[in-house]
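S.K.: predicted model follows, preceded by the sequence.
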Amino acid sequence: MKAARHVEEIGRVLEGSQTGRDSFVSASWRRCVELYGMDPMRADPAHIVTDAELRDHRKQAEWMIAAARSGLQSLFRQVAGQNYVLLLTDAKGVCVDFFGDDLFTEDLRSAGLYLGSNWSEDLAGTCGVGACIVTQEPVTVHQDDHFGNAHIALSCTAAPIFDSLGQLAAVLDISLLRSPAPKTSQNLAMSLVTTAARRVEMANLMAESPRDWVLRLSSSPEFLDVDPEAAVRLDGAGRVLGYTRAARRLFPDGSTILGHRIDEVLGVSVDDLPDLMRDRPTEERIIEMPDGGALFGHAIAPKAPRQPHQRMRQGGALAGLTGGDPGMMRLLDQAERLAPGAVPLLITGETGTGKTRLARAIHMTSKAQGFLSLECAGLSAQALAEACLDVAGPTTLVLRRIEDLSPETATALSGLLDRRPQLRPLSTSCLEPARIGLPRPLFHRLAGCVLTVPPLRLRRDLDWLMTRHLRRHAADTIRLSPSARADLMGRSWPGNIRELEQVLDVAAALCVGPVIDLPDLPAAIDPGADAAPAATAPRESLEQVLAACDWNMARAARRLGVNRSTILRRIRAAGLHPPA
Ligand SMILES: Nc1ncnc2c1ncn2[C@@H]1O[C@H](COP(=O)(O)OP(=O)(O)OP(=O)(O)O)[C@@H](O)[C@H]1O
C-alpha cells in the first residue's frame, strides 16, 4: 500500500506537481526516471563492486580513509547502541570504509549498507550519498524520499568531504535501517555528520601542511584552539595553497581564493601571522572580515624545513657545524677533503660566523698532532717565535684575524714558515682576500685555498642552531615560545653566531619559567649600525636572502633591515619569482 502511494507520488512530481517533498528530492526523482530510466517498483539488489574493484577504490581513497578514521571512530562511539551505521564513500559513491554493529551485519549487507556497495545516484536511485554527490551539500534522504521501493525503510544523512583544493573527495553517511517517521528525527544525525566531515577536512589540511603556515579560524574565541570552524593553508608569501570547505564560505567569492594572498581576502597579512600564534591570548587574535565582521585566528607556523642532511664522508667535528644548511654543507665538504693534506687555508667571513671554530674542526680532522692558536692583533715577532719554539711534528698554526698582523711580524712569519715546514697555517680574516693587505709572497704561503663561511642571515639552519645552543647551554627544559622564535628567525644578525649565542644566553637568564617569550629577548642590534661587515664583506643578493627565508618576505625584510614594501619593489624590479 505504502509502495503504491510512493509510486503514485513520483508520478505526480514528474507531471510537475508540488507534493511537499524537498526540492532536491523531487529533482533527483526526475533524474532517476528521465535520465537513468529507473522504475521505482523494481527491487534492484544492492550494487556491490567486486573485491578487486573495492581494493582499487580503497587504494585511491587511502589518504582520506586515514584522515577520516579516528573521526569516524569517535562518531560511531557517539551513536553506538542506536543502530546507526556509518559509511565513508569515495567521490564516486563506493563505500570504502564502514562502521556498523556486528549484530546486524546480515541485514546491513542485504540493504547495501556495507563495504563495496555503490551508492551513486545512477545505480541506487535517490539516496543520501547519491544526492550529496550531486548537490555537494549535506542532505537527509529519509524513508520514502528514496526513489526505489527497496530502500524506503532507510534513513540516510550524508555530508560531503572536500579536499584542500575544493574538490569533492568523499561522502560521510550515517544511516538507520529503521527510523521514526518524522524527518526532523534526523536533525541530530545531520549535525553530527557535518561536524565530523569538517573535522576530517581539517585533519587532512593539517596533515598536508607541515611545511606551510596554517591559519585556523573561528567565530568564537572559546573554540578557536580546540575546534576551529575553518582553516587555510598559506605559503611563506601568504598565498592560499588550500582551504577547508567552511573557509570558502567565509569569503565573498570563495571559488577564487586559491593562489590569492591572504591580505586580499582577510584583514591579515603574512607579517601578522606570528602575532596570531597560540602563545597570544585568544581574544587578542582578531581578524577583520571584508564585510566588517570579525573572526578569531590561530596561526600555526611551518615546521623547520627538514633538509636532506647529506652525510659527511667522515662526520665528526666538521659535520657538527651545521644542521643541514646547503651552503655550509658544501663548505664543510670542501673542508673535509682539504683537512688531511698540507695546503694552508685562509678562512674568511664576517665576524662571529665561526671561522675559528671551523679551523679547529679542520685540525681535528687532519693528521696534525700539535695545535697552536695565535691572535694576530698585537702579536710581536718575538712572541711568534717563542710560541713556535717547541713545535715538533705536524702542527696546526691558527692565525686569528691575519689582517691585523704588523709588517714586522709578517716578515718574521714568512721566515718561520720557511724554517718549519711541519707548521700548517690556518688563517682567519673578516676581510675579503683582496683587501687583506699582506705582502704577496706571504699571502700565497697562507692562502693555498680560501674557504668562506656564510653569514648567519643566509643560513637555513638558524632554527637548528638556536635549539642546539639552548639545549647545550641553558637548562634542559628551556624553550622558545613560537613568537619569540619567529622574532629571532627574522633578525639580521650582524654579529652572526656569536650574537645569537649572546641573545639566547640573555633571554635564558631573564625568562621566568621554562619558556622564553618576546619580552625576554634583548632588542635586535640596528642592522644599519653593522658598518664593518657591510663595508668589508660582499653583500649577498636579494635572491639569496629570500631563499634563506623560504621566500617569507616579512622575514627577508627584517633580515635586511628594510620594510616589506621595499622588498616587494626590489623583487619586482629584479623580476624575481618564488621557486615553483
Ligand atoms: N657552526 C657552529 N655551530 C655552533 N656554534 C658555532 C658555530 N660556529 C661558531 N659557533 C660559535 O660562535 C661563536 C663565534 O665563533 P668563532 O669565534 O669561531 O667566530 P669567528 O668567525 O672566528 O669570529 P671573529 O672573526 O669575530 O673572531 C663561538 O662561541 C662559537 O662556538
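M.R.: Cool, the structure landed.
S.K.: quick check: phi and psi on the residue most central in space within the chain?
M.R.: The geometric centre of the chain, computed from its C-alpha atoms, lies nearest to residue 211 (Cα atoms, centre = their mean), at 2.0 Å. The phi and psi values for residue 211, taken as degrees, to the nearest 10, are phi -100, psi 10.
S.K.: ok, it touching residue 303?
M.R.: Yes - taking Cβ atoms under 8 Å as the definition, residue 211 is a contact partner of residue 303 at 6.7 Å. Just so you know, the C-beta spots here come from the backbone N, C-alpha and C atoms, and that holds for glycine as well.
S.K.: which residues of this structure lie near the ligand?
M.R.: On the criterion Cβ under 6 Å from any ligand atom, the ligand has as its neighbours in the chain the residues 321, 349, 351-357, 400, 428, 430, 465, 497-498, 501.
S.K.: which residue ranges of the stretch 51-200 of the chain form strands?
M.R.: Assignment of strands within the stretch 51-200 of the chain using DSSP state E, counting those that start in this stretch yields the ranges 84-90, 95-99, 139-142, 155-162, 168-176.
S.K.: what residue ranges in the stretch 351-500 of the chain are flagged as low confidence?
M.R.: 474-476 (pLDDT under 70).
S.K.: and the residue of it that's closest to the ligand?
M.R.: Per Cβ to the nearest ligand atom, the residue of the stretch 351-500 of the chain with the smallest distance to the ligand is residue 354, at 2.4 Å.
S.K.: right, and that residue touches residue 501 too?
M.R.: No - between residue 354 and residue 501 there is no contact under Cβ under 8 Å: 10.6 Å.
S.K.: more crowded one of the two?
M.R.: It is residue 354, of residue 354 and residue 501, that has more neighbours when counted by other Cβ atoms under 10 Å, with 22 against 17.
S.K.: list the contacts for the more buried one?
M.R.: 321, 453, 496-497 (Cβ atoms under 8 Å, 6 or more residues apart in numbering).
S.K.: leaving out chain neighbours, which residue sits closest to residue 114?
M.R.: The shortest distance from residue 114 to any non-neighbouring residue, by Cβ to Cβ, 6 or more residues apart in numbering, is to residue 108 (5.6 Å).
S.K.: what is the burial count for that neighbour?
M.R.: Residues contacting residue 108 under the criterion other Cβ under 10 Å number 21.
S.K.: on that earlier part again, in CSV: the strands of the stretch 51-200 of the chain, plus mean neighbour count.
M.R.: Putting the strands of the stretch 51-200 of the chain into CSV (neighbours: other Cβ atoms under 10 Å) gives the following:
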stretch, mean neighbour count
strand 84-90, 25
strand 95-99, 21
strand 139-142, 27
strand 155-162, 26
strand 168-176, 25
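S.K.: number of residues surrounding residue 230?
M.R.: For residue 230, the number of neighbouring residues by other Cβ under 10 Å comes to 23.
S.K.: what residues are bridge-paired with it?
M.R.: Here residue 230 sits in beta bridges with residue 217, going by DSSP bridges.
S.K.: quick one: contacts for it?
M.R.: Under the criterion of Cβ under 8 Å, 6+ apart, the neighbours of residue 230 are 216-218, 243-244, 246-247, 249-250.
S.K.: hang on, the earlier thing: quick check: the residue nearest to residue 114 touching residue 84?
M.R.: No - at 10.8 Å, residue 108 and residue 84 do not qualify as touching, with contact defined as Cβ under 8 Å.
S.K.: the biggest helix by length in the chain packs against which elements?
M.R.: Among the segments of the chain that qualify as a helix by DSSP state H, the longest is helix 187-208. Here helix 187-208 touches helix 62-79, strand 155-162, strand 168-176, strand 213-218, strand 230-234, strand 240-243, helix 245-250, going by 3 or more Cβ pairs under 8 Å, 6 or more residues apart in numbering; DSSP states H and E.
S.K.: swap in 6 Å and give it another go.
M.R.: helix 62-79, strand 155-162, strand 168-176, strand 230-234 (3 or more Cβ pairs under 6 Å, 6 or more residues apart in numbering; DSSP states H and E).
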